[in-house]
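Undergrad: pasting the sequence and the predicted model now:
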Amino acid sequence: MINDGSSDGTSDAVRAVARRFPKVRLIEEAQNRGYGSAGRKGLRLALETPAEYVVCLHADGQYPPEKLPEFIPFMAEQGIDVLQGSRHKDGTALEGGMPAYKVFAGKILTWLENRTFDLQMTDYHSGFMLYSRRAVEVIPFDELSTYFDFDLEVIARARGLAVGELGIPTHYGDEESHLNPIWYGLRCLRVMLRYRLGRYA
């Protein structure tokens, strides 16, 4: 669990869990370094373990960790290296409280991303990503963004790796988002342009 400079009760809550489950490890950053920075650090640390699969999961309760027991066997059976949990594949995003404007904007971005990356995905932007150990070893994560477009850059750098998705339910509650949707959209367009220019080869 990486606490990226938050000053709320996150660290105390994780320590309480770690007392019951010793495998839980708390990593604390003195200041907020960004979503991508936290992801990069977690992936580096995962390579210090014998894990065959690594999961990056947002901690705001939107995404269901209970889906992991079916996701990892699916990756093993299908030979998938990067697996995206999709909020749209099963058509449950609106039911889970996702704002309609996000659904609409996401569909436009996804259409562009599918044309750019030559994939057939329904979602590139959920905070539920799984990696094979091979993917963690070969993708140069430390060269990627420290912002929220980190996950999209991962897919852009996954050349030669199998990328897929499975549907997940999602729950939008009263959590506060620090993501500026306009800036994020522009950053995603930048990733696509850079990909077209061969910057992720």
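TA: Done, it's in.

Undergrad: would you mark the buried spots in the longest helix belonging to the chain?
TA: Secondary structure assigned by DSSP state H gives helix 100-117 as the longest helix of the chain. Within helix 100-117, the residues that qualify as buried are 102, 105-106, 109-110, 113, 116-117, counting by 16 or more other Cβ atoms under 10 Å. No exception for glycine: its C-beta is placed from N, CA and C like everyone else's.

Undergrad: tell me how far that helix lies from the chain's centre.
TA: Offset of helix 100-117 from its chain centre (Cα atoms, centre = their mean, to the nearest Å): 16 Å.

Undergrad: can you name every helix or strand that it contacts?
TA: In this structure, helix 100-117 packs against helix 150-156, helix 181-196, with contacts taken as 3 or more Cβ pairs under 8 Å, 6 or more residues apart in numbering; DSSP states H and E.

Undergrad: residues making contact with that helix?
TA: For helix 100-117, contacts defined as Cβ atoms under 8 Å, 6 or more residues apart in numbering pick out 88, 93-94, 119-125, 152, 155-156, 163, 181, 185, 188-189, 192, 195-196.

Undergrad: what subset of the residues you listed is buried?
TA: The buried subset of these (16+ other Cβ under 10 Å) comprises 88, 93, 119, 121-125, 152, 155-156, 163, 185, 188, 192, 195.

Undergrad: for these, which one is nearest residue 72?
TA: Distance to residue 72 across the buried ones among the contacts of helix 100-117 (Cβ to Cβ) is lowest for residue 163, with 15.9 Å.

Undergrad: so for the residue nearest to that closest one when sequence neighbours are not counted, what's the pLDDT?
TA: Counting by Cβ to Cβ, 6 or more residues apart in numbering, residue 163 lies nearest to residue 82, which is 4.7 Å off, once chain neighbours are set aside. The per-residue pLDDT reported for residue 82 equals 97.
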